[in-house]
Structures are given as structure tokens and as C-alpha cells.
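>>> Show me how the following folds:
(one chain, ligands or ions: 2)
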Amino acid sequence: MTSRPLLALIPGEPAGVGPELTVRALQTALPADVLVLADRQTLHHAAAALHLPLELREVTAADPSQWEAALQWAREQAARAVICPLVQERETIAGQVDPHNAAAVINALNLGSDLALAGQVQGLVTGPTHKHVLKQAGFDYSGTTEWLAQRAGTSVVMMLAHSRLRVALQTTHLPLRAVADAITAESMERTLRITHLALQRGFGIANPRLLILGLNPHAGEQGDMGDEELRVFAPVIAKLRAEGMVLSDPLPADTAFLPKKLQQWDAVIAAYHDQGLPVLKYSGFAEAVNITLGLPYPRVAVDHGTALDIAWRGVADLGSFAQAIKQCAQMAMHRRQ
Ligand SMILES: NC(=O)c1ccc[n+]([C@@H]2O[C@H](COP(=O)([O-])OP(=O)(O)OC[C@H]3O[C@@H](n4cnc5c(N)ncnc54)[C@H](O)[C@@H]3O)[C@@H](O)[C@H]2O)c1
Ligand SMILES: N[C@H](C(=O)O)[C@H](O)COP(=O)(O)O
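Ligands and ions are numbered 1, 2, ... in the order given. Next up is the predicted model:
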């Protein structure tokens, strides 16, 4: 038995950079044992394209009693991994998504979720998925965050983070037109509570300070440019402040990210995806990770997409993928303690 956590590792979209990053990560000393959930041939082909060694030992998800011997074999040498194979319908062509292979991606996410919910793995690390090809194949999929939340039957918050900035989102993969209506007093309160609790429990911040971005330009300019800040945000903030939470007023997003201002806060709560993530990615692309707060297990993903334009060429930055494994391992250890 080892004290290292066991994480399920899902490369994501086969035609993207996920298989390449998986193979490259497996060449390095990892801070956790991993159980790869993917198509075996795709990983071998990616390794061959990169001229990298790769040995895979197959186990079945249904029989965890086999796992320890296989994990011990993998620990002995780099470029070895244990895999629960999820067979794709078609061979992967790097850079070309194929809806026929979407089911294998979804099956990997479902298996990873089931294993994590059952406590058979202590966390889930995911590479990038291609939202459109999964939708095209008939899955009601808007993102892995939402998919895992639904399978776990819980509400979650998407937070992207690097060492200098954390950004949590009130809304995720929605058309901009739908954003204002999606932010209700209930949804906002839920987002703030989940983020507050996750920062306390997962990050050791005793009383997290949350900087809340307004929805409208100039945070509504006292209601002249939109009244959501007065009508929806302010009452929720007042209610939670009365419980002791440290929350800013709704602040204008254009100056909220000034480095001096950020020093006083532990996380920024952005109203929508492209209000918060461009700043986060500009300031830390390839070192940041995407953490799903509120799940009953740690789930950490990369901060980038499938990068079809550079897949399997060996030029993709491994930083975010490696950091996702490290962060998930740390969170799993923290929960164990
Ligand atoms: N975590 C995720 O699952 C995730 C995140 C973002 C986007 N996506 C999905 O990925 C697909 C493509 O999205 P996109 O084109 O907007 O974003 P993208 O991140 O795939 O690509 C944007 C640009 O960043 C570059 N890039 C991405 N990752 C890189 C890396 N590791 N190293 C170096 N350069 C890298 C790409 O080459 C491209 O030029 C979409 O279907 C989107 O939904 C998934
Ligand atoms: N919104 C994230 C980003 O832009 O990086 C990413 O698409 C999230 O994807 P998942 O929910 O599929 O992890």
C-alpha cells in the first residue's frame, strides 16, 4: 500500500493535445499514481508520433483487486501506466475531431466520475474535451464541469487559478444573452457559499475574502447602466456579510484586476466566463488549472482547450496538465488528512 493518492487521468478529446500531454506527463515523476481512462491505441499512436516510449498495462474497472500489482509495476519505471481501456469506434487522426469517438470520451468521464464517487480513486484529472463534437454526437454536453456536477447530483462552481490569481464564475458555458437572467439571488448565494467553503476546506483560508465583479459596465453606475448590482447582488452580499463572510461590493470589472487591489482578496467572483477568464489566462496561461468546487472529490483540469492546430507535434506546453496532476494530488492528500 502506498501513501500516494490514486487519480483517474482522462486525456479528453483524442484528436487534441490531451493524449500527447498524457504521454509526455507519463515520462516524468508524478506526485500520484494514475489510472488512465482512454483508448489504448490512441495513446500508443500519440507516443509513436512523439518518438516517446510508452508501456501500458490493462486493468478492468470492475476488479480493483488487480490494480495494486499493476500500479506497483508502473511505479518502477517512467513511461509506464495502468489503463482502463475505453475503446474508440475509429482510429484517431490528430487534429481532426470525429463524432464517432465521442462516446469513448463520455464513457471515460462517466467511469472517472463513478470511480471517484465510489472512493476507488481519490481525484479526477481531465484534459480538454471538444464541446461541439460531443454535442454533435448527441450528448447533452456543455462542459465537463457541468457533466460531472450532474452525475454527482450537486451544484458546483468553476474556478480557474494560478499562483497569483483565482477566478470563480457565477455562470459558465452560456450564451451572453442568457447570462443576466441566469444570475439570481439563489444562484449567487450558492456560488458564494460553495466558493467560500471550498477555499476554507481545500485551500486552508480561514475566512476567504471574495472580490465580487459587477455584471454591468461600471458595476451599473448606481443603476444607470443596469440594475442587477442593486436588485440582485447587493441583498445577497448583505445577507452573507451578516453571517461573517468577507465580500466586496459589486466592483467595476475593468479596474478590479489591478494588482494592488487584488492583493487584498483571495478570489475574484466573475459574473460570466469571458469577464474573468481572459485576465486569468493572460496572466498565467499554461500554469493555471481549472478546479471544480463543490464536487465530493477533487477534480482538476487544464486551463486550455483541445488545441487541434498543434496536436501531437510535441510543441504544446505541458505546464497546465502537469500542474493539474500536482494540484489534484495535493487536494486528494489534503482531504485524506
Ligand atoms: N478544459 C477544457 O476542456 C477546455 C478548455 C477550453 C476550451 N475547450 C474546448 O477546446 C476547443 C478549442 O477551443 P479554443 O480553440 O477556444 O481554445 P484552445 O485552448 O484549444 O486554443 C486556443 C489557442 O491556444 C493554443 N493552446 C492551447 N493549449 C495550448 C498548450 N497546452 N500549449 C500551447 N498552446 C496552446 C492553441 O494552439 C490555440 O492557438 C473547444 O471545443 C473548446 O470548447 C476545452
Ligand atoms: N471554461 C473553461 C476554459 O475556458 O478553460 C473550460 O472550457 C472548462 O471546461 P470544462 O468544464 O469542460 O472543464
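>>> So what are the structural domains in the protein, by residue number?
1-154+300-337, 156-294 (automatic domain parsing).
>>> Give the rounded mean pLDDT of the first one.
What it means is domain 1-154+300-337. Averaged across domain 1-154+300-337, pLDDT comes to 97.
>>> Would you indicate which residues of stretch 32-43 are buried?
Ala32, Asp33, Val34, Leu35, Val36, Leu37, Ala38, Asp39, Arg40, Thr42, Leu43 (16 or more other C-beta atoms under 10 Å). For every residue, glycine as well, the C-beta is placed using N, CA and C.
>>> mind checking how far the residue lying closest to Gly220 once chain neighbours are set aside is from ligand 2?
In space, and not counting its chain neighbours, Gly220 is closest to Glu229: 4.1 Å by C-beta to C-beta, 6 or more residues apart in numbering. Plainly put, Glu229 is 24 Å away from ligand 2 if you go by C-beta to the nearest ligand atom, to the nearest Å.
>>> repeat for Met159
Taken as C-beta to the nearest ligand atom, the span from Met159 to ligand 2 is 10 Å.
>>> okay, the domains of the chain, which one's buried deepest?
domain 1-154+300-337 (a mean of 19; mean count of other C-beta atoms under 10 Å).
>>> And the strands in the stretch 51-200 of the chain?
55-58, 80-85, 123-126, 157-162, 165-169 (DSSP state E, counting those that start in this stretch).
>>> right, and the ones you listed - which one's nearest Ala180?
If you check each of the strands of the stretch 51-200 of the chain against Ala180 by C-beta to C-beta, strand 165-169 wins as the nearest, at 14.5 Å.
>>> Which strands and helices lie in contact with that closest one?
Applying 3 or more C-beta pairs under 8 Å, 6 or more residues apart in numbering; DSSP states H and E, one finds that strand 165-169 contacts strand 157-162, helix 185-203, strand 267-270, helix 273-284.
>>> cutoff 6 Å now
strand 157-162, strand 267-270, helix 273-284 (3 or more C-beta pairs under 6 Å, 6 or more residues apart in numbering; DSSP states H and E).
>>> Point out the one among the ones you listed that comes closest to Glu221.
It is, among these and with distance given as C-beta to C-beta, helix 273-284, at 16.7 Å.
>>> For that closest one, give me every contacting residue.
With contacts defined as C-beta atoms under 6 Å, 6 or more residues apart in numbering, helix 273-284 is touched by Leu160, His162, Leu165, Val167, Ala253, Phe257, Ala270, Ala288.
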